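> Sequence isn't available, so here's the structure alone:
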């Protein structure tokens with residue numbers, strides 16, 4: 001594991017979250033950086049994305065980054081009661 005030089009602030013975390021939530025399509029890292037209102041160090045952005053992926057908020061794949069979290073109680077109940085095909 002690489003040494004972490006700079007931990008993100010809550011403001012930075014929320015800024016990244018907002019951009020990802022409002023994105024219509026998958027974004028790659030460069031597109032995400034361009035859409036952010038303030039500059040973010042590459043290592044700091046990677047740390048934020050790793051945290052969000054581990055928490056189940058995003059999918060970070062070779063095709064891009066996509067917000068997947070949905071706190072809807074109806075969706076949660078449908079998943080719990082659903083049948084596997």
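Yes, it's here. Being a predicted model, the structure only gives us computed values, none of them experimental.

> What sits closest to the spatially most central residue of the chain if chain neighbours are left out?
Nearest to the geometric centre of the chain sits residue 58, at 4.1 Å (CA atoms, centre = their mean). Setting aside the residues directly before and after it, residue 58 is nearest to residue 52 in space (CB to CB, 6 or more residues apart in numbering), at 4.6 Å. For the C-beta atoms, the positions are set from N, CA and C on the backbone; glycine is no exception.

> in what helix or strand does the one you found lie?
Applying DSSP states H and E as the criterion places residue 52 in helix 42-54.

> mean confidence score for that helix?
Taken as a whole, helix 42-54 has a mean pLDDT of 95.

> buried stuff in that helix?
Of all the residues in helix 42-54, those buried under the rule 16 or more other CB atoms under 10 Å are 44, 45, 47, 48, 49, 52.

> Now do the same contact list for the residue nearest to residue 58.
By CB atoms under 8 Å, 6 or more residues apart in numbering, residue 52 lies in contact with 16, 17, 20, 58, 60.

> Give me the neighbour count for the residue lying closest to residue 15 once chain neighbours are set aside.
Once flanking residues are discounted, residue 15 sits nearest to residue 36: 6.0 Å by CB to CB, 6+ apart. By other CB atoms under 10 Å, 15 other residues sit near residue 36.

> who's in contact with residue 36?
Neighbouring residues of residue 36 by CB under 8 Å, 6+ apart: 15, 16, 19.

> who wins for most neighbours among those?
When neighbours are counted by other CB under 10 Å, residue 16 leads these with 23 neighbours.

> where do the helices sit along the protein?
Secondary structure of the chain by DSSP state H: the helices cover 10-22, 29-35, 42-54, 73-81.

> Of all the residues in the second one, which ones are buried?
When burial is assessed from 16+ other CB under 10 Å, helix 29-35 yields the following buried residues: 32, 33.
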